[in-house]
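Here is a sequence with its predicted model. Questions after.
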Amino acid sequence: YIRLVPQPVMLGFVNGLAIVIFMAQFKSFQVPAAVGGGMVWMSPLQLYPMIGLIGVTMFIIQMLPHLTLAVPAPLAAIGVVTGVSKLIHVPIKTVGDIASISGTLPTFAIPAVPLNLHTLEIVFPYAVAVAAVGLTESLLTQQLVDDLTETRSSTHLECLGQGLANMVCGFLGAMGGCAMIGQTMVNMKSGGCGRLSGVATACSVLLFILCGSHIIEAVPIAALVGVMFMVVLSTFAWSSFRMVSRSPQSDFIILVLVTVLTIFTNLAVAVLTGVVASCLAFAWKSAKRVSATRFTQKDGFTGDKSKSKEPRGVYMLSGPLFFGSASRFRELLDPAKEPCDRVILDFLECRVWDTSGIEAIDFLAEKYKAAGKHLSLRHLSEDCRRLLHEAGESVEVNISEDPWYGVATDYDSALGQSPFSKWSPPHGEHFPIESSK
C-alpha cells in the first residue's frame, strides 16, 4: 500500500503534520482564567518573556550546529533557556506547572473487560482506526527517513514490530504508539540517524520519569515550544510552493487536499483520499492519451498473405486501452464514415490493459461487420487474441513482430516468483515489443 503513495500525497502528509504541530503550540500561550474557568491568553508580563525565550531557543538550535556537533542543539538550547529563566526571575510557565511527570514502572495486568462479542463491537472500530493511523504515519515517516538517509528498511518488520509493541503495551496499561515525525526530525537533526536514537530517547524518558522528574519539571514551556517551532520549520516541505508553477495542476490540488484533510480529519483518511485522487487523476490523463492516425494503403504489406490490391484504411493506434479510455477509443473510429471496404487497426503503439479494452475491440469488430467492412487487427499479443470473441478471427498473426504481454496473466508466475506453473510468451520465445526494422 505504501508504494502507491505518490509524491504530492507525501508532501501533503508532512505539510499537514507540520501545521498540526504548529497549531498545537498555541495552547502553551494560554493560562487558566481567574474568573469563570476556561483558558485565556497570557498577559503581556508573561507573554513577552516567553516569546523572547522561544526566540533564544530557536536561535541556538539554528546556529549551534555551525559551531559544534558534539552536543545536540535542542538539548543545549533547552539547558541554556532553563538557566536563563532561573536568572531573570520573571513568571515563566514550566512543565511542572502543567503536570507532574513523576511515575513508577508499570505492572503487568490483563485488561478487566468482559471477553465477549459486545466488547469486540465497541473496541474493534476504534482499534482499526488507531491501527490505520499509526501504521500510515509510521510507514510514511519510515519512507521519509529512508529518503533522507539514502537507506532501505523493511516495511514488513516495521509493521510487525509496532504491532507486537502495542500488544505488549496493552498489558502494561500504556497507550498505543507509532513513529513520531517530530521526534524523528529532532533526532536526525541532532545526528541520530540510526535505530539506536529511538531506543536512547525511550530510555532517557524512562529515566527522567523514574529518577529525574524534578529536572524536566523545571524546564520552561518556552524552550519546548521553541524546539517544536524548529521541528515545524524543518518538517514543512517548503519546496511544495514551487509546485504551483512547475507541476501539473492535479498534483498541487492533491497536495492541498491531503494537507487540509490531515488537519481536520486524520492521517489515514487524508492519505487514502490522496491515493484515490491520484489514481483517478492518472486514469483520466491516461485515458486522454489514446489516439488514432489514419492513412490509406493501396498496396500490400509485409506478411500479407492476400494478394489483393484493394485500398485499405489503416489506423495507427497509440496509447493505453483500458476502462478509462475505452469510450474514447470507440468514438475515434466510425465504420459508417470509413470509405474503404477493408480496414486495418494497428496496435503496435497501443497496449490493451484490461477486459474493458478487450470489450471495446469486440464492440468495434461488431460495428465494422454490421457495416459490411472487412476488419484486420495487427500487433496484438497472444493473450489479447485468446480473449477476443467477435474480433478473434480478424487478428493477423506475425510471429516476428507481434508483442507479448498479458491481459489476464499471473505476472508473479511470469517473473518466476510463484510456485505455480511458470508463464512464458507464445512458442517459448521472447518477442520484442517493438517491431523489428
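Thanks, I have it.

Report the residue spans of the stretch 201-350 of the chain with pLDDT below the cut-off.
Counting by pLDDT under 70, the stretch 201-350 of the chain contains low-confidence ranges at 299-309.

give me that answer again for 50
The stretch 201-350 of the chain contains residues with pLDDT under 50 at 302-303, 305.

show me where it has strands.
291-297, 312-321, 342-352 (DSSP state E, counting those that start in this stretch).

got CSV for those, with mean neighbour count and distance to Arg328 too?
Placement of C-beta: from N, CA and C, glycine included. Below are those laid out as CSV (neighbours: other Cβ atoms under 10 Å; distance: least, Cβ to Cβ, whole Å):
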stretch, mean neighbour count, distance to Arg328
strand 291-297, 13, 9
strand 312-321, 20, 9
strand 342-352, 21, 12
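
Which among these is found nearest to Val5?
strand 312-321 (22.2 Å; Cβ to Cβ).

Minimum distance to Phe22: which of the strands of the stretch 201-350 of the chain has it?
Among the strands of the stretch 201-350 of the chain, the nearest to Phe22 by Cβ to Cβ is strand 312-321 (42.2 Å).

Report the strands that pair with the closest one, each with its relative direction.
strand 291-297 (antiparallel), strand 342-352 (parallel) (DSSP bridges).

Relative to Thr151, which of the ones you listed is closest?
Here strand 342-352 is closest among the strands paired with strand 312-321 (Cβ to Cβ), at 35.1 Å.

got the strands paired with strand 312-321 as JSON lines, with distance to Ser100 columns?
Shown next, in JSON lines, are these (distance: least, Cβ to Cβ, whole Å):
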{"stretch": "strand 291-297", "distance to Ser100": "70"}
{"stretch": "strand 342-352", "distance to Ser100": "65"}
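
Looking at those, spot the one closest to Leu117.
When the strands paired with strand 312-321 are ranked by distance to Leu117, counting by Cβ to Cβ, first place goes to strand 342-352 at 47.8 Å.

Include distance to Thr235 when you put the strands of the stretch 201-350 of the chain into a markdown table, please.
Converted to a markdown table, the strands of the stretch 201-350 of the chain look like this (distance: least, Cβ to Cβ, whole Å):
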| stretch | distance to Thr235 |
| --- | --- |
| strand 291-297 | 43 |
| strand 312-321 | 37 |
| strand 342-352 | 41 |
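
So which of the strands paired with strand 312-321 is nearest Phe208?
strand 342-352 (60.0 Å).

do you know how far Gly12 is from Phe252?
10 Å (Cβ to Cβ, to the nearest Å).

circling back: between the strands of the stretch 201-350 of the chain, which one is nearest to Ala34?
When the strands of the stretch 201-350 of the chain are compared by Cβ to Cβ, strand 312-321 sits nearest Ala34, at 67.9 Å.

Now tell me what touches that closest one from outside.
Outside strand 312-321, the residues that touch it by Cβ atoms under 8 Å, 6 or more residues apart in numbering are 286, 289-298, 325, 329, 332-333, 338-340, 342-353, 357, 360-361, 376.

picking that back up, Gly12 and Phe252: which is more packed in?
Neighbours per residue (other Cβ atoms under 10 Å) separate Gly12 from Phe252, with Gly12 holding more: 27 against 20.

Can you tell me the closest non-neighbouring residue to that one?
Of all residues not flanking Gly12 in the chain, Val258 sits nearest, at 2.7 Å (Cβ to Cβ, 6 or more residues apart in numbering).

next one: Met23
Closest residue to Met23 apart from its sequence neighbours, by Cβ to Cβ, 6+ apart: Ile263 at 7.7 Å.

Tell me how far Leu140 lies from Gly274.
Remark: distance between Leu140 and Gly274 (Cβ to Cβ) = 11 Å.

same deal with Leu160?
For Leu160, the distance to Gly274 - Cβ to Cβ - is 26 Å.

ok, now Glu150?
For Glu150, the distance to Gly274 - Cβ to Cβ - is 25 Å.

between those two, who's got more neighbours?
Set Glu150 next to Gly274 and count neighbours by other Cβ under 10 Å: Gly274 wins out with 25 against 6.

ok, now which ones touch the more buried one?
Taking Cβ under 8 Å, 6+ apart as the test, what Gly274 contacts is Val5, Pro6, Pro8, Val9, Gly12, Phe13, Ile254, Leu257, Val258, Leu261.

any chance of those in a markdown table, plus distance to Ile221?
Shown next, in a markdown table, are the contacts of Gly274 (distance: Cβ to Cβ, whole Å):
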| residue | distance to Ile221 |
| --- | --- |
| Val5 | 35 |
| Pro6 | 38 |
| Pro8 | 35 |
| Val9 | 34 |
| Gly12 | 30 |
| Phe13 | 27 |
| Ile254 | 36 |
| Leu257 | 34 |
| Val258 | 31 |
| Leu261 | 30 |
